[in-house]
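A.B. asks: Fold the following.
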Amino acid sequence: MSRVLILRPEPGAGKTAARARDMGLEPVVTPLFAVRSVEWEAPDAGAFDAVLLTSAHAARAAPADSLASLPCYTTGEATAEAARDAGFIDVHTGTSDGDAALALARRDGRMRVLHLCGRDHIELPGVERRIVYAADAAEELPETASEALAGEAVALIHSPRAAALFAALVGDRSGVRLALISAAAAEAAGDGWAAKAVAARPRDEALLEVAAKLCNIGAPGAEQAGR
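C.D. replies: Reported below is the predicted structural model:
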């Protein structure tokens, strides 16, 4: 079975689905979150020496405008691409999570950092925040997701928040295999799954690679449930 269950919101879900098809996988798209922009007021750019983006949704919800002159630090290439599309010019791409992106900014001497983020976010030390979007969670697992899992689809988990929500909604997890974007997402998912495999890098492509292994040749190197 080569079916993968894509739980991330659009527009990322569509991009993951296209990559999955290119790899010979059959995607089932059932987002667990609905993303919407919220009203916010951009601060004076002169009060900061960098912008931090930990989600592509933040970039799409907060076009650079007056902040475009500031260096922008992101958690990965997808967010960096969204930042450029939003008008940021000087974009620096981190290699993992918000802590790493912030460390990169600090290394470059950026002490006054503005974090543009979602309503549900991980607190980072020494930054000022502006909430620019909300990701409203599903209250129950969509029927299409339940059907895909019954057909032995591998669930793709793109964030710790998605991992925790999916774990709360899925019910019996003993027959469900997870491909997870990071160790933090794996921890948030908890134990009791049929298998858990963590991407080598926090990238969509790497996530799909481990999902393909779970689909086609079992779970070599995967963290088995209960370990």
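A.B. asks: any chance you could map the helices in the chain?
C.D. replies: Per DSSP state H, the chain carries helices over the ranges 12-22, 56-61, 77-86, 98-107, 143-150, 160-169, 183-189, 204-217.
A.B. asks: Pick the most deeply packed of the ones you listed.
C.D. replies: Mean neighbour count (mean count of other CB atoms under 10 Å) peaks for helix 56-61 among the helices of the chain, with a mean of 24. For every residue, glycine as well, the C-beta is placed using N, CA and C.
A.B. asks: I'd like to know which elements that one is packed against.
C.D. replies: Counting contacts by 3 or more CB pairs under 8 Å, 6 or more residues apart in numbering; DSSP states H and E, helix 56-61 packs against helix 77-86, strand 113-118, strand 127-137.
A.B. asks: Which of those sits closest to Trp193?
C.D. replies: strand 127-137 (20.1 Å; CB to CB).
A.B. asks: and the closest residue to Glu10 other than its chain neighbours, what does it touch?
C.D. replies: With sequence-adjacent residues excluded and distances taken as CB to CB, 6 or more residues apart in numbering, Glu10 is closest to Pro31, at 6.5 Å. By CB atoms under 8 Å, 6 or more residues apart in numbering, Pro31 lies in contact with Ile6, Leu7, Arg8, Pro9, Glu10, Ala13, Ala138.
A.B. asks: Much appreciated, bye for now.
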